[in-house]
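Q: With the sequence up front, the predicted model follows.
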Amino acid sequence: MAKTYEPIATYTIPSATANYTFSSISGTYTDLVIVVTGNSTAAADLWMQVNGDTGSNYSTTQLSGTGSSALSQRSSNRANFNVNFNAYMSTTVAANYIIQLQNYSNTTTYKTMLARCNNANQAVDATVGLWRNTAAITSVTLIANGSTFATGSTFTLYGIKAA
């Protein structure tokens, strides 16, 4: 990682769990980066919510390449970010996610999310998202939709001091 990336927290799942939350995130950085590497106990998309917001305040636009086709989709008024499109977690091959939250501590603008995801058996995805709220992000919950994160899945949160 670049010298400006500062590890804030790392967590490894000790037993299957449906979600994990980074809480009490300091506002001292310009951006956040979350790296997830893991499996699930059944096929699962990675969803993300910020500040416990379950309202219809999230939108995403997604691109996916499967090796034989390219796909896209758009979702509005969701209750979460759907981080991946086709690069979902599975029981056999770990999925990898890099999620960036720009200007997360600003209290005058909506927050944007960029994500890159891959699973060698499924696809490579790119997602851009918008959280329609001006609050500073102080917590991020990662959710294995319809499943649980498998034991050994890892989550790392980085702060970027100067983007």
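A: Sure, I can see it. Residues are numbered from 1 along each chain as shown.

Q: Contacts only, for the residue located most distally from the centre of the chain.
A: Going by CA atoms, centre = their mean, the residue of the chain most distant from its centre is S68, 25.3 Å out. For S68, no contacting residues are found, by CB atoms under 8 Å, 6 or more residues apart in numbering. The C-beta positions use only the backbone N, C-alpha and C, and glycine is treated the same way.

Q: going forward, begin numbering at 25 instead of 1
A: Right, with 25 as the first residue, what we last looked at is S92.

Q: now it: how far from M113?
A: From S92 across to M113, the span is 21 Å (CB to CB, to the nearest Å).

Q: ok so, going back, so the residue farthest from the centre of the chain, which of the three states?
A: What DSSP: H, G, I helix; E, B strand; the rest coil gives for S92 is coil.

Q: Report pLDDT for it.
A: S92 is assigned a pLDDT of 93 by the prediction.

Q: Flag the shaky bits of the protein, pLDDT-wise.
A: 25-27, 187 (pLDDT under 70).

Q: now do 90
A: Filtered on pLDDT under 90, the chain yields the residue ranges 25-29, 117, 144-146, 185-187.

Q: Please enumerate the strands of it.
A: Along the chain, counting by DSSP state E, strands occupy 29-36, 43-46, 55-62, 69-74, 82-89, 94-102, 105-106, 119-126, 135-143, 147-155, 164-169, 178-184.

Q: most neighbours per residue, which of these?
A: strand 105-106 (a mean of 24; mean count of other CB atoms under 10 Å).

Q: gap between it and the chain center?
A: Taking CA atoms, centre = their mean, to the nearest Å, one finds the center of strand 105-106 at 8 Å from the center of the full chain.

Q: now what about it, what contacts it?
A: Strand 105-106 is contacted by residues 69-73, 82, 84, 86, 99, 137, 139, 151, 153, 155, 169 when judged by CB under 8 Å, 6+ apart.
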